[in-house]
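Enquirer: model the structure of this input:
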Amino acid sequence: MAENKERVTRADVAKMAGVSETVVSYVINNNRYVAMDKRKRVEEAVRALNYRPNNIARALKGKQSNQILFIADHITNEYFVSIVSEMDKYAYNSGYLISLCANRNTEEFVSQVISRQYDGIIVSSASFPAEYVEQFTQAGIPVVVFRRLRHQKTIEQVAYLGTGLYTGARSAVSHLIEKGCQNIVYIDRISARGHISPPDDMRFGGFVDEMEANGFLVGPENIICGCRSREELEEDVKRRLRTGSQVDGIFGRNDMIACIAMTAASQIGFKVPEEIKVIGFDDSSISRFCSPKLSTVSLRKAEIAKTAIDMLTQMIGGSQPENVDFDTTLIERDSTRN
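Expert: Numbering: from 1, shown residues only. Have a look, this model is predicted:
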(Lines give C-alpha, C1' and ligand atoms only; values in the text may rest on other atoms or scores of the structure.)
Protein backbone atom coordinates (compact mmCIF):
# COMPACT_ATOMS: atom_id res chain seq x y z
CA MET A 1 0.00 0.00 0.00
CA ALA A 2 2.80 2.43 0.91
CA GLU A 3 4.45 1.88 -2.46
CA ASN A 4 1.19 2.65 -4.25
CA LYS A 5 0.92 5.97 -2.39
CA GLU A 6 4.41 6.93 -3.44
CA ARG A 7 3.56 6.29 -7.08
CA VAL A 8 0.65 8.75 -7.06
CA THR A 9 1.62 11.78 -9.11
CA ARG A 10 0.23 15.21 -9.83
CA ALA A 11 -0.90 13.86 -13.19
CA ASP A 12 -3.02 11.23 -11.41
CA VAL A 13 -4.71 13.96 -9.36
CA ALA A 14 -5.30 16.06 -12.47
CA LYS A 15 -6.85 13.13 -14.31
CA MET A 16 -9.24 12.26 -11.48
CA ALA A 17 -10.25 15.90 -10.97
CA GLY A 18 -10.65 16.56 -14.69
CA VAL A 19 -8.27 19.54 -14.68
CA SER A 20 -4.77 20.31 -15.86
CA GLU A 21 -1.65 19.63 -13.79
CA THR A 22 -1.16 23.40 -13.64
CA VAL A 23 -4.50 23.82 -11.87
CA VAL A 24 -3.51 21.06 -9.43
CA SER A 25 -0.29 22.96 -8.73
CA TYR A 26 -2.21 26.20 -8.11
CA VAL A 27 -4.51 24.50 -5.60
CA ILE A 28 -1.73 22.69 -3.75
CA ASN A 29 0.49 25.77 -3.52
CA ASN A 30 -2.35 28.29 -2.98
CA ASN A 31 -0.65 30.75 -5.29
CA ARG A 32 -3.34 31.43 -7.91
CA TYR A 33 -7.07 31.96 -8.01
CA VAL A 34 -8.92 28.73 -8.87
CA ALA A 35 -12.71 28.56 -9.25
CA MET A 36 -14.30 26.90 -6.24
CA ASP A 37 -15.77 23.94 -8.16
CA LYS A 38 -12.36 23.06 -9.64
CA ARG A 39 -10.66 23.60 -6.27
CA LYS A 40 -13.08 21.20 -4.61
CA ARG A 41 -12.53 18.54 -7.28
CA VAL A 42 -8.77 18.77 -6.84
CA GLU A 43 -9.02 18.61 -3.04
CA GLU A 44 -11.32 15.58 -3.26
CA ALA A 45 -8.91 13.85 -5.66
CA VAL A 46 -5.96 14.59 -3.37
CA ARG A 47 -7.81 12.97 -0.48
CA ALA A 48 -9.07 10.03 -2.51
CA LEU A 49 -5.61 9.22 -3.87
CA ASN A 50 -3.87 10.15 -0.61
CA TYR A 51 -1.55 12.31 -2.67
CA ARG A 52 1.38 13.79 -0.76
CA PRO A 53 3.27 16.57 -2.55
CA ASN A 54 6.95 17.04 -1.93
CA ASN A 55 6.75 19.26 1.14
CA ILE A 56 10.50 19.93 1.18
CA ALA A 57 10.40 21.27 -2.35
CA ARG A 58 7.35 23.37 -1.51
CA ALA A 59 9.08 24.81 1.54
CA LEU A 60 12.11 25.77 -0.53
CA LYS A 61 9.86 27.59 -2.99
CA GLY A 62 7.59 29.10 -0.37
CA LYS A 63 7.95 32.72 0.66
CA GLN A 64 6.10 34.78 3.20
CA SER A 65 3.99 37.57 1.76
CA ASN A 66 4.31 39.64 4.97
CA GLN A 67 0.65 40.53 4.43
CA ILE A 68 -2.22 40.09 6.90
CA LEU A 69 -5.87 40.36 5.87
CA PHE A 70 -8.57 41.77 8.17
CA ILE A 71 -12.13 40.81 7.13
CA ALA A 72 -15.00 42.80 8.66
CA ASP A 73 -18.69 43.41 8.01
CA HIS A 74 -18.59 47.21 7.98
CA ILE A 75 -15.17 48.57 7.10
CA THR A 76 -16.31 52.22 7.27
CA ASN A 77 -17.52 51.85 10.86
CA GLU A 78 -15.43 54.00 13.21
CA TYR A 79 -14.86 51.04 15.52
CA PHE A 80 -13.29 48.96 12.76
CA VAL A 81 -11.30 51.89 11.43
CA SER A 82 -9.77 52.51 14.86
CA ILE A 83 -9.07 48.80 15.41
CA VAL A 84 -7.35 48.49 12.02
CA SER A 85 -5.35 51.67 12.69
CA GLU A 86 -4.02 50.14 15.90
CA MET A 87 -3.42 46.77 14.23
CA ASP A 88 -1.49 48.42 11.44
CA LYS A 89 0.91 49.92 13.96
CA TYR A 90 1.60 46.65 15.75
CA ALA A 91 1.69 44.61 12.55
CA TYR A 92 4.20 46.96 10.94
CA ASN A 93 6.47 46.70 13.97
CA SER A 94 6.32 42.91 13.51
CA GLY A 95 7.18 43.14 9.81
CA TYR A 96 3.68 42.86 8.34
CA LEU A 97 1.27 45.07 6.42
CA ILE A 98 -2.50 44.98 6.99
CA SER A 99 -5.09 44.82 4.24
CA LEU A 100 -8.73 45.62 5.07
CA CYS A 101 -11.56 43.91 3.20
CA ALA A 102 -15.35 43.89 3.56
CA ASN A 103 -16.89 40.44 3.92
CA ARG A 104 -18.27 39.24 0.57
CA ASN A 105 -19.57 35.99 2.09
CA THR A 106 -19.23 33.86 -1.06
CA GLU A 107 -17.24 30.80 -2.07
CA GLU A 108 -15.51 32.80 -4.79
CA PHE A 109 -14.43 35.41 -2.23
CA VAL A 110 -12.88 32.68 -0.06
CA SER A 111 -11.09 31.18 -3.05
CA GLN A 112 -9.67 34.55 -4.08
CA VAL A 113 -8.46 35.27 -0.55
CA ILE A 114 -6.69 31.89 -0.43
CA SER A 115 -5.06 32.50 -3.81
CA ARG A 116 -3.45 35.73 -2.58
CA GLN A 117 -1.30 33.84 -0.06
CA TYR A 118 -1.78 36.01 3.01
CA ASP A 119 0.40 34.96 5.92
CA GLY A 120 -2.56 35.23 8.26
CA ILE A 121 -6.19 36.35 8.44
CA ILE A 122 -8.22 38.10 11.16
CA VAL A 123 -12.00 37.77 10.88
CA SER A 124 -14.48 40.07 12.64
CA SER A 125 -17.81 39.22 11.06
CA ALA A 126 -20.94 37.74 12.60
CA SER A 127 -22.13 36.56 9.19
CA PHE A 128 -18.93 34.92 7.95
CA PRO A 129 -19.59 31.13 7.97
CA ALA A 130 -17.40 28.84 10.03
CA GLU A 131 -17.11 26.64 6.92
CA TYR A 132 -15.22 29.43 5.16
CA VAL A 133 -12.87 29.84 8.11
CA GLU A 134 -12.23 26.10 7.92
CA GLN A 135 -11.29 26.49 4.26
CA PHE A 136 -8.65 29.03 5.28
CA THR A 137 -7.20 26.65 7.86
CA GLN A 138 -7.27 23.75 5.39
CA ALA A 139 -5.23 25.94 3.05
CA GLY A 140 -2.67 26.33 5.85
CA ILE A 141 -3.49 29.96 6.66
CA PRO A 142 -3.45 30.92 10.37
CA VAL A 143 -6.74 32.55 11.44
CA VAL A 144 -7.77 34.65 14.45
CA VAL A 145 -11.53 35.16 14.86
CA PHE A 146 -13.15 37.94 16.89
CA ARG A 147 -16.03 36.34 18.76
CA ARG A 148 -19.29 38.00 17.66
CA LEU A 149 -21.77 35.18 18.28
CA ARG A 150 -22.54 33.58 21.65
CA HIS A 151 -22.74 30.03 20.27
CA GLN A 152 -20.06 30.37 17.64
CA LYS A 153 -18.74 27.11 16.21
CA THR A 154 -15.16 26.61 17.33
CA ILE A 155 -12.49 25.22 15.03
CA GLU A 156 -9.50 23.52 16.60
CA GLN A 157 -6.80 25.29 14.57
CA VAL A 158 -8.34 28.77 15.00
CA ALA A 159 -7.55 31.25 17.80
CA TYR A 160 -10.49 33.21 19.26
CA LEU A 161 -10.54 36.68 20.77
CA GLY A 162 -13.48 38.03 22.76
CA THR A 163 -13.68 41.82 22.62
CA GLY A 164 -16.25 42.20 25.40
CA LEU A 165 -19.42 42.64 23.33
CA TYR A 166 -21.59 40.38 25.48
CA THR A 167 -20.44 41.56 28.91
CA GLY A 168 -20.41 45.16 27.68
CA ALA A 169 -24.04 44.90 26.54
CA ARG A 170 -25.05 43.47 29.90
CA SER A 171 -23.30 46.30 31.72
CA ALA A 172 -25.12 48.88 29.55
CA VAL A 173 -28.52 47.38 30.37
CA SER A 174 -27.59 47.02 34.04
CA HIS A 175 -26.68 50.71 34.09
CA LEU A 176 -30.09 51.71 32.71
CA ILE A 177 -31.87 49.51 35.26
CA GLU A 178 -29.80 50.98 38.09
CA LYS A 179 -30.94 54.39 36.88
CA GLY A 180 -34.57 53.31 37.34
CA CYS A 181 -35.47 52.28 33.79
CA GLN A 182 -38.11 49.54 33.58
CA ASN A 183 -39.17 49.63 29.93
CA ILE A 184 -35.99 49.45 27.86
CA VAL A 185 -35.83 49.22 24.07
CA TYR A 186 -32.89 47.71 22.19
CA ILE A 187 -32.20 49.24 18.76
CA ASP A 188 -30.37 47.10 16.21
CA ARG A 189 -28.14 48.19 13.33
CA ILE A 190 -29.20 49.98 10.16
CA SER A 191 -28.97 47.72 7.11
CA ALA A 192 -29.67 48.80 3.54
CA ARG A 193 -31.04 45.29 2.91
CA GLY A 194 -33.09 45.20 6.09
CA HIS A 195 -30.89 42.58 7.74
CA ILE A 196 -31.20 42.04 11.48
CA SER A 197 -28.67 40.68 13.94
CA PRO A 198 -29.09 36.95 14.71
CA PRO A 199 -30.51 35.83 18.08
CA ASP A 200 -27.08 34.70 19.29
CA ASP A 201 -25.46 38.03 18.46
CA MET A 202 -23.29 39.08 21.44
CA ARG A 203 -24.81 42.53 22.00
CA PHE A 204 -28.41 41.44 21.53
CA GLY A 205 -27.83 38.36 23.70
CA GLY A 206 -26.34 40.52 26.43
CA PHE A 207 -29.39 42.79 26.32
CA VAL A 208 -31.85 39.89 26.59
CA ASP A 209 -29.95 38.08 29.35
CA GLU A 210 -29.51 41.15 31.53
CA MET A 211 -33.17 42.13 31.15
CA GLU A 212 -34.34 38.64 32.07
CA ALA A 213 -31.85 38.41 34.96
CA ASN A 214 -33.59 41.47 36.44
CA GLY A 215 -37.09 40.09 35.96
CA PHE A 216 -38.03 41.89 32.73
CA LEU A 217 -39.53 39.92 29.86
CA VAL A 218 -38.28 40.82 26.39
CA GLY A 219 -40.85 40.93 23.60
CA PRO A 220 -41.20 42.53 20.15
CA GLU A 221 -42.10 45.83 21.81
CA ASN A 222 -38.59 45.94 23.30
CA ILE A 223 -36.79 45.66 19.97
CA ILE A 224 -36.44 47.94 16.96
CA CYS A 225 -34.70 46.23 14.04
CA GLY A 226 -34.63 45.86 10.26
CA CYS A 227 -34.38 49.60 9.55
CA ARG A 228 -32.91 50.35 6.13
CA SER A 229 -31.99 54.01 6.69
CA ARG A 230 -31.55 56.69 9.31
CA GLU A 231 -34.91 58.16 8.36
CA GLU A 232 -36.68 54.82 8.81
CA LEU A 233 -35.01 54.35 12.18
CA GLU A 234 -36.09 57.81 13.34
CA GLU A 235 -39.69 57.10 12.35
CA ASP A 236 -39.67 53.71 14.10
CA VAL A 237 -38.32 55.29 17.29
CA LYS A 238 -40.97 58.02 17.21
CA ARG A 239 -43.72 55.46 16.58
CA ARG A 240 -42.55 53.30 19.48
CA LEU A 241 -42.37 56.26 21.85
CA ARG A 242 -45.85 57.49 20.90
CA THR A 243 -47.57 54.13 21.34
CA GLY A 244 -47.72 51.44 23.99
CA SER A 245 -46.27 51.63 27.48
CA GLN A 246 -43.90 54.45 28.33
CA VAL A 247 -40.36 53.73 27.17
CA ASP A 248 -37.88 55.07 29.71
CA GLY A 249 -34.62 53.57 28.45
CA ILE A 250 -32.92 53.02 25.08
CA PHE A 251 -29.87 50.87 24.39
CA GLY A 252 -28.39 51.51 20.95
CA ARG A 253 -26.29 48.78 19.36
CA ASN A 254 -23.67 51.43 18.66
CA ASP A 255 -23.22 55.11 19.43
CA MET A 256 -24.54 56.30 16.07
CA ILE A 257 -27.78 54.33 16.55
CA ALA A 258 -28.16 55.70 20.08
CA CYS A 259 -27.62 59.29 18.93
CA ILE A 260 -30.19 58.93 16.15
CA ALA A 261 -32.68 57.57 18.68
CA MET A 262 -31.92 60.39 21.10
CA THR A 263 -32.48 62.98 18.38
CA ALA A 264 -35.78 61.35 17.35
CA ALA A 265 -37.01 61.35 20.95
CA SER A 266 -36.13 65.02 21.37
CA GLN A 267 -37.93 65.94 18.15
CA ILE A 268 -41.25 64.73 19.54
CA GLY A 269 -40.82 66.38 22.92
CA PHE A 270 -39.16 63.74 25.11
CA LYS A 271 -36.42 64.99 27.41
CA VAL A 272 -33.13 63.09 27.71
CA PRO A 273 -32.23 62.05 30.40
CA GLU A 274 -35.18 63.29 32.46
CA GLU A 275 -37.82 61.15 30.71
CA ILE A 276 -35.74 58.72 28.65
CA LYS A 277 -32.23 57.58 29.38
CA VAL A 278 -30.07 56.56 26.41
CA ILE A 279 -26.85 54.56 26.19
CA GLY A 280 -24.76 53.49 23.22
CA PHE A 281 -21.78 51.23 22.57
CA ASP A 282 -18.18 51.69 21.24
CA ASP A 283 -17.26 55.10 22.76
CA SER A 284 -16.92 56.60 19.29
CA SER A 285 -16.29 60.31 18.75
CA ILE A 286 -19.98 61.08 18.21
CA SER A 287 -20.72 60.01 21.79
CA ARG A 288 -18.63 62.91 23.08
CA PHE A 289 -19.97 65.58 20.76
CA CYS A 290 -23.72 64.91 20.59
CA SER A 291 -26.10 66.73 22.93
CA PRO A 292 -26.55 65.60 25.59
CA LYS A 293 -23.27 63.72 25.69
CA LEU A 294 -23.88 60.00 25.33
CA SER A 295 -23.22 57.34 27.94
CA THR A 296 -21.53 54.39 26.27
CA VAL A 297 -19.45 51.24 26.63
CA SER A 298 -15.77 51.47 25.75
CA LEU A 299 -13.82 48.56 24.31
CA ARG A 300 -10.08 48.19 24.93
CA LYS A 301 -9.30 48.78 21.27
CA ALA A 302 -5.53 49.24 21.49
CA GLU A 303 -5.08 46.12 23.63
CA ILE A 304 -7.46 44.13 21.42
CA ALA A 305 -5.52 45.13 18.31
CA LYS A 306 -2.13 44.33 19.82
CA THR A 307 -3.35 40.98 21.15
CA ALA A 308 -4.87 40.00 17.80
CA ILE A 309 -1.58 40.67 16.01
CA ASP A 310 0.40 38.88 18.73
CA MET A 311 -1.87 35.84 18.48
CA LEU A 312 -1.62 35.76 14.70
CA THR A 313 2.17 36.14 14.60
CA GLN A 314 2.46 33.28 17.09
CA MET A 315 0.38 31.12 14.76
CA ILE A 316 2.44 32.16 11.74
CA GLY A 317 5.47 31.04 13.73
CA GLY A 318 3.91 27.64 14.36
CA SER A 319 2.48 28.09 17.88
CA GLN A 320 -1.15 27.89 18.98
CA PRO A 321 -1.98 30.75 21.40
CA GLU A 322 -4.55 30.61 24.17
CA ASN A 323 -7.91 32.22 23.48
CA VAL A 324 -8.32 35.67 25.05
CA ASP A 325 -11.35 37.56 26.40
CA PHE A 326 -11.39 41.27 27.21
CA ASP A 327 -13.64 43.22 29.54
CA THR A 328 -15.11 46.67 28.89
CA THR A 329 -15.54 50.01 30.64
CA LEU A 330 -18.89 51.76 31.07
CA ILE A 331 -18.66 55.53 30.62
CA GLU A 332 -21.48 57.53 32.18
CA ARG A 333 -22.25 60.87 30.55
CA ASP A 334 -25.21 63.25 30.50
CA SER A 335 -27.65 60.99 28.60
CA THR A 336 -28.18 58.75 31.65
CA ARG A 337 -27.40 61.06 34.57
CA ASN A 338 -30.28 61.72 36.96
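Enquirer: quick check: chain neighbours aside, which residue is closest to residue 64?
Expert: With C-beta to C-beta, 6 or more residues apart in numbering as the criterion, residue 64 has its nearest non-adjacent residue at 5.4 Å, and that residue is residue 119. Backbone N, C-alpha and C define where each C-beta goes, glycine included.
Enquirer: OK, contacts around the one you found?
Expert: 64-68, 96, 141-142, 316 (C-beta atoms under 8 Å, 6 or more residues apart in numbering).
Enquirer: let's go with 7 Å and repeat that
Expert: For residue 119, the contacting residues are 64-68, 96, 316, by C-beta atoms under 7 Å, 6 or more residues apart in numbering.
Enquirer: just after the helix or strand bottoming out on mean pLDDT in the chain, pick out the following helix or strand.
Expert: Least confident helix or strand of the chain, by mean pLDDT, DSSP states H and E, is helix 55-61 with a mean of 43. Once the chain leaves helix 55-61, the next helix or strand it forms, by DSSP states H and E, is strand 67-72.
Enquirer: which residues does the helix or strand just after that following strand contact?
Expert: Sequence order places helix 78-93 as the next helix or strand after strand 67-72, per DSSP H and E. Residues outside helix 78-93 that contact it (C-beta under 7 Å, 6+ apart): 68, 70, 72, 74, 97-98, 100, 282, 284-285, 301-302, 304-306, 308-309.
Enquirer: just the buried ones from the residues you listed, in PyMOL syntax?
Expert: Listed next is the PyMOL selection for buried residues among these, using 16 or more other C-beta atoms under 10 Å:
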select buried, resi 68+70+72+74+98+100+282+284+301+304+305+306+308+309
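Enquirer: so of the contacts of helix 78-93, which ones are in helices?
Expert: Residues of these located in helices (DSSP state H): 285, 301-302, 304-306, 308-309.
Enquirer: out of the residues you listed, who's nearest residue 233?
Expert: Checking these against residue 233 by C-beta to C-beta gives residue 285 as the nearest, at 19.8 Å.
Enquirer: per-residue pLDDT of the closest residue to the closest one other than its chain neighbours, please?
Expert: Nearest residue to residue 285 in three dimensions, chain neighbours excluded: residue 78, at 6.8 Å (C-beta to C-beta, 6+ apart). We have a pLDDT of 84 for residue 78.
Enquirer: go on, residue 198?
Expert: For residue 198, the predicted pLDDT is 81.
Enquirer: how far away is it from residue 173?
Expert: 19 Å (C-beta to C-beta, to the nearest Å).
Enquirer: compare these two (neighbour count), which wins?
Expert: residue 173 (24 against 14; other C-beta atoms under 10 Å).
Enquirer: now that one, nearest residue through space, not along the chain?
Expert: residue 210 (3.9 Å).
Enquirer: OK, contacts around that neighbour?
Expert: Taking C-beta under 7 Å, 6+ apart, one finds 170, 173-174 in contact with residue 210.
Enquirer: so of the residues you listed, which ones are in helices?
Expert: The members of the contacts of residue 210 that map onto helices under DSSP H are 170, 173-174.
Enquirer: between these, which is nearest residue 181?
Expert: residue 173 (8.8 Å).
Enquirer: tell me how far the closest one lies from residue 311.
Expert: Taking C-beta to C-beta, one finds residue 173 at 30 Å from residue 311.
Enquirer: same check on residue 124?
Expert: 13 Å.
Enquirer: domain assignment for this structure?
Expert: 2-61, 67-164+300-328, 166-298 (automatic domain parsing).
Enquirer: return the residues in contact with the nearest residue to residue 108 once chain neighbours are set aside.
Expert: Leaving aside its sequence neighbours, residue 108 sits nearest to residue 36 (C-beta to C-beta, 6+ apart; 6.1 Å). Shown in contact with residue 36 (C-beta under 7 Å, 6+ apart): 107-108, 111.
Enquirer: out of the residues you listed, which sit inside helices?
Expert: Among those, the members falling in helices (DSSP H) are 107-108, 111.
Enquirer: which of the residues you listed has the most neighbours?
Expert: Most surrounded of the ones in helices among the contacts of residue 36: other C-beta under 10 Å gives residue 111, at 22 neighbours.
Enquirer: ok, the nearest residue to residue 307 once chain neighbours are set aside - contacts?
Expert: Leaving aside its chain neighbours, residue 307 sits nearest to residue 324 (5.5 Å; criterion: C-beta to C-beta, 6+ apart). Counting by C-beta under 7 Å, 6+ apart, residue 324 touches 161-162, 307.
Enquirer: out of the residues you listed, which one sits closest to residue 129?
Expert: Nearest to residue 129 among those, with distances taken as C-beta to C-beta, is residue 161, at 18.5 Å.
Enquirer: and that closest one, which helix or strand is it part of?
Expert: Residue 161 belongs to strand 159-162, assigned by DSSP H and E.
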